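Participant: Predicted model and sequence below, questions to follow.
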Amino acid sequence: MGSHRLLAWTGLLVLALAALLHNLPRLSPGMYDWAEPGNVAAALVQGRGFSDPFDGGTGATAWVSPAPVLVEAAVFTAFGVKTPASASVLLALSVLGLAAANAFLVAALRPHGRLLCAAASAWFLAFAALLPGGPLTVLSEAWLDILLSAALLWAALGAARNPERPNTPAILLLCFLSPLENAGLAVACAGIVAALAWSRRSRPRDLVLPALAALAALLAVGLWTARNIAALGRPVPLKSNSWFELHLANVDATDGLPRMETVLRRLPYFDVREFDRYKALGEVAYVDSFREPALRAVRSDPLHFAANVGRRLGAALVFSRREGGGQSTRFPFQRGDAALLSASGELITMGPSLGLWARIDTPPAEERARLRALGLKDEGAIWLDWLSCRLAFDQEYRGPLGIALCFLSAGVPVMALLLSAVVLSGHLLRPAAWAALVAAGMLLPYVLVNHNERHQLPLIAMQAVFVGALCQAVLSRARGATVP
């Protein structure tokens, strides 16, 4: 067995073992976090069409992209809507998808150096397997983002290395699927098409491939837009909630980086008042209600908006803050206490007696005073619950390991990329250059609008290439070899 095949099979074994460790003796609670894609998938299977991202019969939607919804809908059709069996199958798909992404990385990088290939695979597998709140512990479409990004890199490097045999079907398929997954991959796909066209500009006959790839992407966008015109009465080429996201990160959060409390309080999935407004207005009118205040904020202080973009860029490239989506309560509240906590903004209710502490990063003395002022019946027990959750939160997200992960998720891979160029006297290894192009595309829409750890996670395949590139650059410099 060749070393590249060994790395690919090792990846599958590592990820499968990690999934078992994270989800035995029972599935991690995060694997039941169906969220908006799961709700829309349920609506599809139950005959309500592509609708109801927050449940409750709210009607047609383009709030989420179609690709992850269709995957979940296929699983629901075979194994039941939001059942433990479906959650288990989706976990298995995450394992297979991440293993396939690792195999694509190995295949893409193998011709460019063994150390590059091995180091990138090791970094990728470590992150995918061990990251708290990662794709093996929390149900999300991140595994599909990661798979498509790795496949894009593999296809682009293959086409650049061998223009006569560019694996056209794979490139066309990836360019069709990428815009249906998310806006970042749509931009990354456009970057790949543009780069392929530029590299072939001296040979007009070879421009057929990038032209067909662009047509494949446009076909996907056109089909989805046509559906949205029919269902919503408006052309929506990717997702409908851009104004909502812009408002969330630039009005609700003045620094451009909304805390989880802000997100939970605004998202109709958690806030009853926002849900009622969303349902009453319908999705189009609801999203439109955020347009004018968001634009007004940008126009009134463009320099502040530019600073917000800069802070989001810093989060993407230096220190990606992690919050974990709120901290789950452990104490069963009395109904009256739960109502007081929810009305005061302390609690996001999840069922009759449990919920999420929305202000878990508040200074403890300040939180103690808040709770005392509410007149709670079980104040002492509630305070102890908040305090125990705060200790768990600090240990996971504010302790040394949590802070290190904030750098490892952003700054360390970027520094590795820059250092690889320094070591090679200003040159980048070809895989690192293409990976940087894909990563930049994946980040661009979110840096401009609203970036958080959910948008950072899908970058791990490209970041693994950056780390591998530094290892290979050091080896090449030590051996006096030329840039591969």
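Facilitator: All right, it came through fine.

Participant: could I get stretch 358-369 in CSV with only the CA atoms?
Facilitator: Extracted as CSV, the C-alpha positions of stretch 358-369 are listed here (Å, rounded to 0.1, in the frame of the first residue of the first chain):
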residue,chain,number,x,y,z
ALA,A,358,-27.5,33.9,27.6
ARG,A,359,-25.1,36.0,29.6
ILE,A,360,-22.8,33.4,30.7
ASP,A,361,-19.7,35.6,30.3
THR,A,362,-21.1,38.3,32.6
PRO,A,363,-18.8,39.1,35.6
PRO,A,364,-20.1,36.8,38.5
ALA,A,365,-20.7,39.7,40.9
GLU,A,366,-22.8,41.5,38.3
GLU,A,367,-24.8,38.4,37.5
ARG,A,368,-25.4,37.7,41.2
ALA,A,369,-26.8,41.2,41.6
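
Participant: List the buried residues for that stretch?
Facilitator: Ala358, Arg359, Ile360, Asp361, Thr362, Glu367 (16 or more other Cβ atoms under 10 Å). All C-beta spots, glycine's among them, are computed from the backbone N, C-alpha and C.

Participant: again, but for stretch 340-349
Facilitator: Across stretch 340-349, burial judged by 16+ other Cβ under 10 Å covers Leu340, Leu341, Ser342, Glu346, Leu347, Ile348, Thr349.

Participant: again, but for stretch 204-214
Facilitator: Residues Asp206, Leu209, Pro210, Ala213, Ala214 are the ones in stretch 204-214 that count as buried (16+ other Cβ under 10 Å).

Participant: go on, stretch 169-178?
Facilitator: Neighbour counts using 16+ other Cβ under 10 Å place Ile171, Leu172, Leu174, Cys175, Phe176, Leu177, Ser178 of stretch 169-178 among the buried residues.

Participant: Looking at those residues, spot the one nearest Asn23.
Facilitator: When those are ranked by distance to Asn23 (Cβ to Cβ), Leu177 comes first, at 27.5 Å.

Participant: what's the closest one in contact with, if anything?
Facilitator: Ala67, Leu148, Ala220 (Cβ atoms under 8 Å, 6 or more residues apart in numbering).

Participant: one step back: TSV for the buried residues of stretch 169-178, including pLDDT and secondary structure?
Facilitator: Formatted as TSV, those follow (pLDDT from 0 to 100; DSSP: H, G, I helix; E, B strand; the rest coil):
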residue	pLDDT	secondary structure
Ile171	96	helix
Leu172	97	helix
Leu174	97	helix
Cys175	97	helix
Phe176	98	helix
Leu177	98	helix
Ser178	97	helix
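
Participant: Going by distance to Thr83, which of those wins?
Facilitator: When the buried residues of stretch 169-178 are compared against Thr83 (criterion: Cβ to Cβ), the nearest one is Leu177, at 26.7 Å.

Participant: just checking, Ser289 touches Leu281?
Facilitator: Yes. The pair Ser289 / Leu281 is scored as a contact, 6.8 Å apart, by Cβ atoms under 8 Å.

Participant: Would you mind listing the outside residues contacting stretch 242-253?
Facilitator: With Cβ under 8 Å, 6+ apart as the test, stretch 242-253 has contacts from 256-259, 262-263, 265-266, 286-288, 290-291, 293-294, 297-298, 305, 308, 312, 449-451.

Participant: Buried ones among the residues you listed?
Facilitator: 256-259, 262-263, 265-266, 286-287, 290, 294, 297-298, 305, 308, 312, 449-451.

Participant: Narrow those residues to those in helices?
Facilitator: Thr262, Val263, Arg265, Arg266, Tyr286, Val287, Ala294, Ala297, Val298, Phe305, Asn308, Arg312 (DSSP state H).

Participant: Okay, now the unreliable bits of the stretch 301-450 of the chain?
Facilitator: 324-326, 350-354 (pLDDT under 70).

Participant: residue ranges for the helices of it, please.
Facilitator: Assigned by DSSP state H, counting those that start in this stretch, the stretch 301-450 of the chain shows helices spanning 302-317, 335-343, 364-373, 379-393, 400-408, 411-423, 430-448.

Participant: which of the ones you listed sits most buried?
Facilitator: The highest average neighbour count among the helices of the stretch 301-450 of the chain, using mean count of other Cβ atoms under 10 Å, belongs to helix 430-448 at a mean of 23.

Participant: can you give me the angle that one makes with helix 302-317?
Facilitator: Inter-element angle recorded for helix 430-448 and helix 302-317: 140 degrees (by axes from the mean of the first three to the mean of the last three Cα atoms, to 10 degrees).

Participant: how far out from the middle of the chain is helix 430-448?
Facilitator: Centre-to-centre, helix 430-448 and its host chain are 14 Å apart (Cα atoms, centre = their mean, to the nearest Å).
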